[in-house]
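>>> From the sequence below, what's the structure:
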Amino acid sequence: MLEQTFSSLVDMSDWEDRRAEDVRTAFLSRSLAALCIKMLAGINDQAAARTLVDGFDDSGIDALFFDQVNDAFYFVQSKWNNAGNKPISEAASGKFADGVRDILAGNLDRFNAKVKAKENEILSALRASRLITIVLITVHSAEPEIGLHGRRKIDDLVTELNVPSLPEQARAIHLNQEEVYRLITSFAKPAKIDVPITLSQFGFTERPFLSYYGRANLIEVAGWWRDYGRSICDRNIRHFFHRSDVNDALRDTLLSNPEYFWYFNNGITIICDSVVKSLTGSPGTALGLFNCKGVSVVNGAQTVGVIGTILPQGEGGVASETTKVSAFEHSWVQVRIISLEKCPPGFDRQITQATNFQNAVVRRDFAAMDPVQHRLATDFSLDGRRYVYKSGEEDPHGDDGCSITEATQALGCAASIELAVQVKREISELWWKIDRPPYTELFNDHLTSIRLWRAVRILRAVDEELQKLRRSSAARADMIAVHLNRALLHLVFRDPAVRQYSRDDVTEDHLTTSARDAINEIFPRVAAYIEQKHPYDYLASFCKNREKCAVMATALLKPGQVEASGAQLSFLPEMINPDGQTPSLDIP
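Predicted coordinates:
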């Protein structure tokens, strides 16, 4: 299969004048790496072959690919063994892990021409401010799995890259001969899923197309996830995300008030090739059993996934030790079943698209219910500016005003290094619960529109200077300016001249000039600190690590600049000791 797929696509010019047997082994090893990216990233044969960087000075990396559609950065180490008995060694996997560290640190000068030719692709991944998932793949043709010590080299790097309590930043995939075969065959057409679905208090429509709707018990829905997993959402635009704003809200309801779930949730839409109602529950519509063939959840994948991972799943498997079956016996979710049997061709795709392109409520919309936001918008209007805090309005620019996003970033960075990290890692967390800290520490009756506007002006001045500093000669200047921009802004707010931004007798021009001076002074010191203390850290992860950023801030701020800034830390559980005290951070 590898020869048929890649024989004319893999560049083997660097293996000329070698033994034919060695050339074939090298070709198969490279093809194995290309195959993994083809299958896992879903790209074509030609694109997969272009991901190969195997050769002298590849630092153990045989292929790499930045998938900008799915925001995934793939690294592959492959090994072909004709005898099928030698997996990737500990030394090889250690070299691979160190090579990935070098690339994530931007040290491309240590690599061969093939890697350097991908500099633009690599830098676009490293500079991205959105979440990029790092996927580390080891693959070999041997029957044994990669050894414990070899696997540990990769898994240790995954642990370094992942930030506690945040969505997965990195993961490892280890493939041996059997798993490569399974990977190939898994891309065959998925088997049809047939599911009997029980609905209570159901109704139906016959024209123009047959459909049923009613309430399904949450325990039954959890069984779908147990039996079929992601496959039941095969035709959905979005698969289940383990961490998102919507999913967190679903979990909260399931764990605190499962009987409210039907009232709070939009429900699940299922399409199927055919549906037949059995005689169970007849006559009447109080209860019905519907035998559905070719089932797929096309809207509500997050709902099914959360229910499946939270609820007990029976047969000895429990999704969560904190839940019991009895808590969900009277808990429901609305389900709609649409039969495709008499629908026109392509109608399933139309349903999928239409049910997924609906307005979503995001956490910013919760903040929009706070009277403080309304007051700030009114006060801004009196000064001839706009303050946008509701979704759907166009954000203002320049002197026209600012949005709640800029406001939260500026106020958070002014408050504490912890909140500066929070606005970088997941700003929506600050908008969700508007009746408690940290939200009330930032937005309260004492906050004036003048103070807020000055904080935003400082943020913008710093961001403008960072665009220039990205091109400075400081080590890793580009990535520091992108990823550590909010930690840097906090350090600027601690500058004595900038800290006066809430005083009426200080002009805006003076504040912005002071902010520009402060960032130009602190930037090279941050770059030197990173180069000395964290030369191999992936800065996209570093900037979201509260402890590392707190240590850096303490090390770089001058005496008198490090002090309590008013932000309470009780909402940061991993930063609090069991006795409720914030831990002291020793400077290494």
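
>>> For the helix or strand hosting P524, name the packing helices and strands.
If you go by DSSP states H and E, P524 is part of helix 508-533. Here helix 508-533 touches helix 449-469, helix 477-483, helix 485-493, helix 546-556, going by 3 or more Cβ pairs under 8 Å, 6 or more residues apart in numbering; DSSP states H and E. In this view, the C-beta of every residue, glycine as well, is placed from N, C-alpha and C.

>>> What residues of it count as buried?
By neighbour count on 16 or more other Cβ atoms under 10 Å, the buried set for helix 508-533 is 511-512, 514-520, 522-524, 526-527, 530.

>>> Could you check the next helix or strand after it and say which residues are buried?
Next helix or strand after helix 508-533 toward the C-terminus (DSSP H and E): helix 539-542. Residues of helix 539-542 classed as buried: 539-542 (neighbour count, 16+ other Cβ under 10 Å).

>>> Quick one: those residues as CSV, columns for pLDDT too.
Shown next, in CSV, are those (pLDDT from 0 to 100):
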residue, pLDDT
L539, 91
A540, 90
S541, 89
F542, 92
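
>>> still on that earlier bit, between the buried residues of helix 508-533, which sits nearest R451?
Using Cβ to Cβ, L511 is the member of the buried residues of helix 508-533 that sits closest to R451, with 11.1 Å.

>>> Which residue is the nearest non-sequential neighbour of that closest one?
Leaving out its chain neighbours, the residue that sits closest to L511 by Cβ to Cβ, 6 or more residues apart in numbering is Y501, at 5.2 Å.

>>> helix, strand or coil for the one you found?
Here Y501 is recorded as helix under DSSP: H, G, I helix; E, B strand; the rest coil.

>>> Report the separation between H510 and E426.
As judged by Cβ to Cβ, to the nearest Å, H510 and E426 stand 34 Å apart.

>>> Show the subsequent helix or strand relative to the strand of greatest length in the chain.
Ranked by residue count and defined by DSSP state E, the top strand of the chain is strand 195-205. The element immediately downstream of strand 195-205 (helix or strand, assigned by DSSP H and E) is strand 211-217.

>>> re the thing from before, now the longest strand of the chain and strand 211-217, what's the angle there?
With axes from the mean of the first three to the mean of the last three Cα atoms, to 10 degrees applied, the angle from strand 195-205 to strand 211-217 works out at 120 degrees.

>>> Parallel or antiparallel, list what pairs with strand 195-205.
Using DSSP bridges, strand 195-205 pairs in its sheet with strand 211-217 (antiparallel), strand 287-293 (antiparallel).

>>> Need the CA coordinates for it. CSV is fine.
Below are the C-alpha coordinates for strand 195-205, written out as CSV (Å, rounded to 0.1, in the frame of the first residue of the first chain):
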residue,chain,number,x,y,z
VAL,A,195,-30.6,2.5,17.7
PRO,A,196,-34.0,2.0,19.4
ILE,A,197,-35.0,5.3,20.9
THR,A,198,-37.7,5.7,23.6
LEU,A,199,-39.6,9.0,23.6
SER,A,200,-42.2,10.1,26.2
GLN,A,201,-44.9,12.6,25.5
PHE,A,202,-44.1,12.4,21.8
GLY,A,203,-45.6,14.0,18.8
PHE,A,204,-45.0,13.6,15.0
THR,A,205,-45.3,15.2,11.6
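
>>> Show me where the stretch 151-300 of the chain dips below the pLDDT cut-off.
Counting by pLDDT under 70, the stretch 151-300 of the chain has low-confidence residues at 165-167, 186-191, 234-248.

>>> quick one, strands of it?
170-175, 195-205, 211-217, 268-272, 274-277, 287-293, 296-299 (DSSP state E, counting those that start in this stretch).

>>> Tell me the neighbouring strands of the fourth one, and mark each as parallel or antiparallel.
The pairing partners recorded for strand 268-272 under DSSP bridges are strand 296-299 (antiparallel), strand 332-339 (parallel).

>>> Check the fifth one too.
Paired with strand 274-277 in the same sheet, following DSSP bridges, are strand 287-293 (antiparallel).

>>> re the thing from before, list the buried residues in the longest strand of the chain.
195, 197-199, 202, 204.

>>> so where is the chain shaky, pLDDT-wise?
165-167, 186-191, 234-248, 312-326, 356-363, 392, 559-588.

>>> Now do the domain split for it, please.
The chain breaks down by automatic domain parsing into domains covering 2-185, 195-360, 364-575.

>>> Quick one: end-to-end length of the first one, please.
Between the opening and closing residues of domain 2-185 lies a distance of 14 Å (Cα to Cα, to the nearest Å).

>>> circling back to that earlier point, of the buried residues of strand 195-205, which pair is most distant in space?
Across the buried residues of strand 195-205, no pair lies farther apart than V195 and F204, at 17.8 Å, counting by Cβ to Cβ.

>>> Tell me the buried residues in stretch 471-480?
Within stretch 471-480, the residues that count as buried by 16+ other Cβ under 10 Å are 474-480.

>>> and the angle for the helix holding P524 with helix 546-556?
Going by the same axes, to 10 degrees, helix 508-533 makes 110 degrees with helix 546-556.

>>> Now do helix 508-533: distance to the chain's middle.
On the basis of Cα atoms, centre = their mean, to the nearest Å, helix 508-533 sits 29 Å off its chain's mean C-alpha point.

>>> before we move on, back to that, A367 is nearest to which of the strands paired with strand 195-205?
strand 211-217 (32.5 Å).

>>> Centre of the chain to that closest one, how far?
32 Å.

>>> Tell me which of the strands paired with strand 268-272 is the most buried.
Most buried of the strands paired with strand 268-272, by mean neighbour count (mean count of other Cβ atoms under 10 Å): strand 296-299, with a mean of 24.

>>> Tell me the helix or strand right after that strand.
Downstream of strand 296-299, the next assigned helix or strand under DSSP H and E is helix 301-310.

>>> got the angle between that following helix and strand 268-272?
Interaxial angle of helix 301-310 relative to strand 268-272 (the same axes, to 10 degrees): 100 degrees.

>>> Could you list every helix and strand in contact with helix 301-310?
Helix 301-310 is packed against helix 218-228, helix 245-256, with contacts defined by 3+ Cβ pairs under 8 Å, 6+ apart.

>>> Pick the most buried one from the ones you listed.
Among the helices and strands packed on helix 301-310, helix 218-228 has the highest mean neighbour count (mean count of other Cβ under 10 Å), at a mean of 20.

>>> follow-up on the earlier one: what's the closest of the strands paired with strand 195-205 to D14?
Across the strands paired with strand 195-205, closest to D14 is strand 287-293 (Cβ to Cβ), at 53.5 Å.

>>> quick one: buried residues of the closest one?
So for strand 287-293, counting by 16+ other Cβ under 10 Å, buried means 288, 290, 292.

>>> Just put the buried residues of helix 539-542 in TSV and tack on distance to D98.
What follows is these, written out as TSV (distance: Cβ to Cβ, whole Å):
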residue	distance to D98
L539	17
A540	19
S541	17
F542	18
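
>>> Nearest to N81 among those residues?
N81 has its nearest neighbour among the buried residues of helix 539-542 in S541, at 33.8 Å by Cβ to Cβ.

>>> My read is that the closest one contacts T159, right?
No. Contact criterion Cβ atoms under 8 Å: S541 and T159 do not qualify, at 10.8 Å.

>>> coming back round to it: and D400, which of the strands of the stretch 151-300 of the chain is closest to it?
Ranking the strands of the stretch 151-300 of the chain by proximity to D400 (Cβ to Cβ) places strand 296-299 first, at 37.8 Å.

>>> Tabulate the CA atom coordinates of the closest one in CSV.
Taking Å, rounded to 0.1, in the frame of the first residue of the first chain, the C-alpha atoms of strand 296-299 are listed here in CSV:
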residue,chain,number,x,y,z
SER,A,296,-26.5,10.2,13.3
VAL,A,297,-26.8,13.1,15.7
VAL,A,298,-26.5,16.2,13.5
ASN,A,299,-27.2,18.8,16.1
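
>>> switch to numbering from 56
Understood, numbering begins at 56; the last thing we discussed is strand 351-354.
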